[in-house]
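Undergrad: build me a model from this:
(7 chains)
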Amino acid sequence: MDQAVTPPGIILTSLGKVANWARTRSMWPATFGLACCAIEMMAAGTAHYDLARFGMEVFRASPRQADLMIVAGRVSQKMAPVLRNVYDQMPEPKWVISMGACASTGGMFNNYALVQGVDQIVPVDVYVPGCPPGPQSLIHGILTLQNKIMSGEITY
Amino acid sequence: MTEVPINGAEAAEEAVEAPPRPLPDHPTLAGLLEQFDAVEWRLSSGQDTAVVPKSQLRDFALAARTAGFEMLVDLTAVDYLRVRKIRFEVVVGLLSLQHNIRLRLRVPVPAGEPGDDPTVPSLVPVYPGANFFERETFDMFGIIFEDHPDLTRILLPDDWVGHPLRKDFAIGAVPVQFKSSPQVT
Amino acid sequence: MAEDTRAPKPAREHRDVWITAEEAPDWMSHSTDEGAQTMRLDESQQRLVEQMGVRVADDYVLDDQISEDERMIINMGPQHPSTHGVMRLQIELEGEIVRRVKPIIGYLHTGMEKTGESLMYMQGGTNVTRMDYIAPLFNELVFALATEKLLEVEIPPRAQAIRILMTELNRVASHLVSLATQGMDVGALSMMLYGFRERELILAFFEKTTGLRMNHNYIRAGGVAADLPDGWEEDIAEIVEKIPIGVADYEDLLKANPIWEGRTRGVGVISAEECLAYGITGPPLRATGVDLDLRKSQPYSGIEQYEFDVAVGSNGDVYDRYRIRVQEILQSLRIVQQVANRMPAGDYRTDDRKVTPPPRKRIDESMEALIHHFKLFTEGFKVPEGEAYVAIESPRGEIGCYIVSDGSAKPYRMHIRAPSFANLQGLPIMLADSLVADSVATIASVDAVMGDVDR
Amino acid sequence: MTELILFFIFGSLALVGGLTVVAAKNPVHSAMGLMLTLFSLAVFYVVQAAHFVAAVQVIVYAGAVMTLFLFVIMLIGVDKEENLTENIRFQRPLVVLLGLSVVVIGVVVAVGGRFTWVTGPAIAGPEVNGTVEAIGDDLFTVWLLPFEATSLLLIIAAVGALALAFYSPRRRQRSEEDAP
Amino acid sequence: MDGWDVAIVLVKVVVVFALLLVATILLVWIERKVVADMQNRIGPERAGPWGMLQTLADGLKLLFKEQIRPNKAEVGMYLLAPVLTLIPAFLIFMVVPIGPSFTVTLGGIEREISMQGTDLNIGLLFILAMSSLAVYAVVLAGWSSGSKYPLLGGVRATAQAISYEAAMGLALVPVVFYAGTLSISEIVASQAGTWGGIIPRWNIVPLFVSFVIFFISIIAETNRAPFDLVEAEQEIVGGFHTEYSGFRFACFFLAEYINMFNMSAIAATLFLGGWNGPTFGLTGFFAWVLPIIYFFIKTFALIFIFMWVRATLPRLRYDQLMQLGWKRLIPAALAWLVLSAFVVGIRQFGAPWS
Amino acid sequence: MTVTVDWYLILAAVLFVIGAAGLLIRRNAIIMFMSIELMLNAVNLTFVSVGRELQNLAGQFAVFFVLVVAAAEVVIGLAIIVSIFRARATASVDELSEMKG
Amino acid sequence: MGMINDLRKGFAVTLRVMRKTIFGDGLLTTEYPKESRQKPERFHGRHVLNRHQDGMEKCIGCELCAGACPASCIYVRGADNPMDDPVSPGERYGFVYDINMLRCIFCGLCVEACPTEAITMTHLFEMSVTDRNDAIYTKKELLVDPDGIPNHMFTREQDPMVNLSELKEADGWMRATAPSGRAAFEGIPGWSRSAGIGLRPPERGQAGDLPESEGGEDD
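TA: Have a look, this model is predicted:
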């Protein structure tokens, strides 16, 4: 994102590593539950799956403190502006996981009411298929995102 | 399975013309229906159904509430576009706790002239619980409920155009994305 | 509920739902901010009041005018941690006191009724199951029952027993989620985790039976999609044994906890008359003392064979709703135990060839079976003309399905009467004059699932 | 030397705070200005060996009085601009004149004549240190009557506040927010 | 006052600063682990060994995040509040002794160095004063954010602070009666020894009621569950810090945990005998280090209770919080104050009837 | 240069004048209250300073009593303001001077 | 004092859970990336296209799955088998087979609809992608290897979450739905061998004995 970062010097590189390490270890999701997937997202935070292991049990109600928006569920046309608003309120760097079929493509509800894919509204980093994806599938999505962050450049 | 003829525009007239007025066995229901000559009773899939003209809807509802139907459980509509003469039908489900019976009201609502919305009297003054249901029906079918305290869109955005559950409203599907299909986006 | 020493009914002026025109107070004429619709009576409504002598408490009526400065209008939601999904409440606050509430819904409107018209009855289960996603099996059951009512097919007893078993388990799971989220909203952190802990047992069983944790598409017209898996007896025995232990934990945590009682007793009160007038069913209605439970009054799927009690409260407050949910968990487990004890043998699907695809074994053997299979999966089964409304008791109240068929394989009109949708209408009454914290507890106690509300 | 530095720093801070109180349009800014002044005065008390007074100053003013101010400001939401037109003619010039004259008098007194208006003899004491013991000893012996009188005043104030809180111009169903 | 004295003061300040930071890092991790254990979970385990660096990761991440300043915010106050919240948090710990003093020879003079930032003769009052300052950051943050939920949080914070400040102060007065001093180190010294060789001479034994009132008050003072109305997530989203992001939010986060540590340390000092404990006849270095360990054990035991309470109890409502403060705690504290005044008076001056 | 009592007295005088000016100029009741507090505190400063000059603790006692009076006054005053506000929705003293309502 | 007792009960619960978590069997967490929760046999995971034992594809391109799919996420085109090198035993074979996994709702109707058990569901659940095009599975990803092992693009060699060899066996959901409601057919595996290799024993079922004859009463 920043021109000054390239070409990365050694210090910057290791700083980037540290930053990315911190970001992957402490990724606070915004509580953006919409529908069925939200229940599975909640289930992922509970004892059997325990998102806390990744430092992610800190679901922030305020988007200002969230790093990750898990779009869990179907996004209706009425909700779309709100979703974008919440995304805009999140501070950089921020990531979006599109959880489940409805969020990713509208799923089986290929109709007038739903946004056919949340990537029309916000940039999505990871898509998690499933309807709803089980907690483990969601965790796999999170791990995918962590890999993406770790392999990426440091961004501000 | 033909007591509710749907396919066939003559259905409405046929229903009105039936000369010996059938009445249900249940005394409460029978008593209620006897008060209204224009209301026709049917048994549809085993459930008591009253076809109520929309002019008498509110009176009938008030009488029904007095007769013991405490609760309005459901209110919706059906769009019989190109199936019946009278395009819309508002369907109201009433439940009586004391008699443990249900009664379904069917109110034919003509579509009205082009540019004019179909109207039906609101049941909110009789059953406050009709509020949301009527708003939903308005939202989905564009049926105006007269004297409703707050008849606005409830499920769809306020600036939405159209009424999705009408039969002439397309479902609005987009092509599904595939790699090998010609519809690749 | 008999063992409870009831707190005296909280002092609260009785607001009759039907107020005669003479004693009707001045209607509040305060416009709210963006997106709000006017809440006042207009000219025609006034006329109506005079005609009928009846008026509607559409929302809370203030006893006098309060200066505008003191009012603050906040928007709770649509993305608020405690609106349980994407409901938006416009709340008029005076200090911390909620004066008026207007629920604004539709943020999860999915167009399911429209989609339902384009799906065959066979596929319809996948559609309806996603409405009330916390209790999906009830949606499937009511849809299947309505279809079957039009089809007039016999359901084998085993299929009926499986349906009761699964739905009652689902009721337990749903109430567990409700208790968990209510605990969280009142700030009992551990309750949240404990509720989901026990729920996971049931979900594991569902996954074993239907292959999915939620949105099963398991109960279909004609029976269920698959038989119970091997070893289901042990799983049921474990569930029936372990969940009461968990429930005992919740009781220890919350039941007599003075903070919990303080937060829930006398909060979010609604009277029986108001409930009936607004079409509120389920635990909020039963909490007021009305023992309306469709499982008793209008039984379905042979649930009348099993013994259970209907939990009824008396005060109509949040505490009673919580107690009712706890009781219903135990009663549902009682039903589950009985079903498991006398699970009949036989088919899990009707034998009616019109509805049920032929056995797989026969496809290899018989050409007719293959053609039949093809026809069923391409065209679906045709349902006779007619209309039907079926209602069952979901964890949230009466869920009904109204289907109009034109004789084709797809419903002409499919409408679900959503319990949460009607129950939400009670919120303005329950929340009037409460505090912000109370409103959170009350919303949780109504347990509206927004997928159910918005469909 | 230390005292000099402290005097200039906190003296100017106190003045800034005081001016903020008067000049700020927003009551919350005024309250914060007053906080600044009060805190600076507490520093002066420490400098002048009145530790106990300083602590009490912070506890009472910061802990209670100003919190109460903020609470009221936020509760009744008067954090908006007020009408500053003059109702009495020449009100503000008069105020400025009056104020200036007082300041001038002060300066004249201080710089001009070393006006010995303090006539009382210095009470002999090896060290007047505002320790808790010293203050406590005198407070409960020599100053007992004023002490009791102020305690009575406090009780009257508390009762009065309660009465005001429970009195309300109209019937209200809850009055918890008025409790403090 | 020579160079060594200045150096000692500087070292003390740095040590206190570092101690509080390390304590916070541990505290957040411990809290998340303890709460996880109370919910059949594992808790953080990916950042560092057993997830111990979880707080560090959180802090670093927040440091690297964008800082959003809302348009409607009152800029000055909005920027000031996060700093303001840290100052009292760091200052309070300056008067808490964490161990017995030791002597070293520096610059040719043998100096006794106390394990305390500074021993004020009005140490207790200093604590009260600082803790009463802590609320301003919250109030200002809530007010200056320029939106409604934070404002509600700010209003709640003021009411809560006023209510519980009084109870806290009143609960501490009997301690002063018993110790006869306001100096923290002397209060600790007064709790040395035992009664009958078994019961430690801690203030908690005679002043149990005071301890309970004080503990409830400090839970409310630090805005912890079940008194976390100020930031009640389910009700007012994030309360006062709803609009804060990045490092400014980290300041609030840090201050909350430092305050929790401070208050536990103070409670341990005033009621649990501070660093007092059996030394088993050890001398020298062990006799010096053992009390420090005692101090931290006591502090963390109290912190565990904080966490236990959080994992168990539902949140109070605003009016219930007020009622508990004004109608229960303050009268109880007053009654207990009178009672202990009588007892101390009789011990000091003899019974009036004798 | 040492700080003498005069310096404090001048500072206190200036603060007092500022407070008095605020009391006269502003008409928001809460700010007027704050101005009064400012004046009281200016007086307190003189008490402590003069007390130190005279080697007398009496100055500090006076501060205590002033503090108590100030606290009592604030409690009552704010309660009155809140009551008035509830009835009249204004905190401006000018509008309150009219005896209507 | 009743109040204190009531409070004590709540505190006892959390402390008991903590004790059980640390010292007992209270810990419920499965540490997912290291170990996976046991998936039930009927689990609806991602799809595979099976082969016959001789390596021929089972799919005959009949498009029943596409028709049954409520989400219309399957796209199939059949083509006539090449004479010289037949892909499937029948006349036609699935020439194109795409599944948009982001649309798929994993309801299993395609599996029920397939007359040849060509499409079945596995226990694979790790399908997260960063590019939505990767979520559209073509025949290449869906078709199992000739030895019956699914082509799983996200398998980590060192610690596969799912026992891949287990996937060679028949799909649990197939067996669950197989007899389609005739008690007489209970316990009869009515499908050909999945993935060419495995054949699971039938579920115990409720009907007990295998019926002597299964013909006659149908069609």
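Undergrad: name the element the residue in chain G that chain D sits nearest to belongs to?
TA: Going by Cβ to the nearest Cβ, chain D is nearest to residue G:3 of chain G, at 20.8 Å. C-beta coordinates here come from the backbone N, C-alpha and C atoms, glycine included. Using DSSP states H and E, residue G:3 sits within helix G:2-23.
Undergrad: any idea of the mean pLDDT in the helix or strand following that helix?
TA: Using DSSP H and E, the helix or strand that follows helix G:2-23 in sequence is strand G:47-49. The average pLDDT within strand G:47-49 is 86.
Undergrad: name the helices or strands packed onto the helix holding residue G:3?
TA: When contacts are defined as 3 or more Cβ pairs under 8 Å, 6 or more residues apart in numbering or on different chains; DSSP states H and E, helix G:2-23 sits against helix C:189-210, helix C:258-264, helix E:3-37, helix E:284-312.
Undergrad: of all these, which one is nearest chain F?
TA: Of all the helices and strands packed on helix G:2-23, helix E:3-37 comes closest under Cβ to the nearest Cβ, at 23.0 Å.
Undergrad: returning to that earlier point: residues in contact with the residue of chain G closest to chain D?
TA: The contact partners of residue G:3, by Cβ atoms under 8 Å, 6 or more residues apart in numbering or on different chains, come to residue C:258.
Undergrad: just residue C:395 next, same as before
TA: Taking Cβ under 8 Å, 6+ apart, one finds C:134-135, C:138, C:170-171, C:174-175, C:178, C:282-283, C:328, C:447 in contact with residue C:395.
Undergrad: for residue C:420, see how far away it is.
TA: According to Cβ to Cβ, to the nearest Å, residue C:395 stands 10 Å off from residue C:420.
Undergrad: which neighbours do the two have in common?
TA: With Cβ under 8 Å, 6+ apart as the test, residue C:395 and residue C:420 both reach residue C:447.
Undergrad: with mean pLDDT added, can I get the helices and strands packed on helix G:2-23 in TSV?
TA: TSV is the format used below for the helices and strands packed on helix G:2-23 (pLDDT from 0 to 100):
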stretch	mean pLDDT
helix C:189-210	88
helix C:258-264	85
helix E:3-37	85
helix E:284-312	86
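Undergrad: and of the ones you listed, who's closest to residue C:366?
TA: helix C:189-210 (28.6 Å; Cβ to Cβ).
Undergrad: now do the closest one: distance to the chain's middle.
TA: Taking the mean of its C-alpha atoms, helix C:189-210 sits 18 Å from the chain's own mean (Cα atoms, centre = their mean, to the nearest Å).
Undergrad: packing partners for it?
TA: helix A:36-45, helix C:157-186, helix C:232-250, helix E:284-312, helix G:2-23.
Undergrad: 6 Å instead?
TA: Packed against helix C:189-210 by the contact rule (3 or more Cβ pairs under 6 Å, 6 or more residues apart in numbering or on different chains; DSSP states H and E) you find helix C:157-186, helix C:232-250.
Undergrad: run through who's touching the top strand by length along chain G.
TA: Longest strand in chain G by number of residues (criterion: DSSP state E): strand G:92-100. Among residues not part of strand G:92-100, those counted as contacts by Cβ atoms under 6 Å, 6 or more residues apart in numbering or on different chains are B:176-180, G:47, G:57, G:59-61, G:73-81, G:87, G:136-139.
Undergrad: partner strands of that strand, with direction?
TA: strand G:74-80 (antiparallel), strand G:136-137 (antiparallel) (DSSP bridges).
Undergrad: SS state for residue C:101?
TA: At residue C:101 the chain is in strand, as set by DSSP: H, G, I helix; E, B strand; the rest coil.
Undergrad: you'd agree it is up against residue C:432?
TA: No - Residue C:101 is not in contact with residue C:432 according to Cβ atoms under 6 Å; the separation is 7.2 Å.
Undergrad: rewinding a little: for the helix or strand that the longest strand of chain G is followed by, list the C-alpha coordinates in PDB.
TA: Remark: after strand G:92-100, the chain's next helix or strand is helix G:109-113, criterion DSSP H and E. What follows is helix G:109-113, C-alpha atoms only, in PDB (Å, rounded to 0.1, in the frame of the first residue of the first chain):
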ATOM      1  CA  LEU G 109     -30.300 -33.800  -3.400                       C
ATOM      2  CA  CYS G 110     -27.900 -34.300  -6.300                       C
ATOM      3  CA  VAL G 111     -26.600 -37.400  -4.600                       C
ATOM      4  CA  GLU G 112     -30.100 -38.700  -4.200                       C
ATOM      5  CA  ALA G 113     -31.000 -37.900  -7.700                       C
END
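Undergrad: what's helix G:109-113 packed up against?
TA: Where contact means 3+ Cβ pairs under 6 Å, 6+ apart, helix G:109-113 is packed against helix G:64-68, strand G:119-121.
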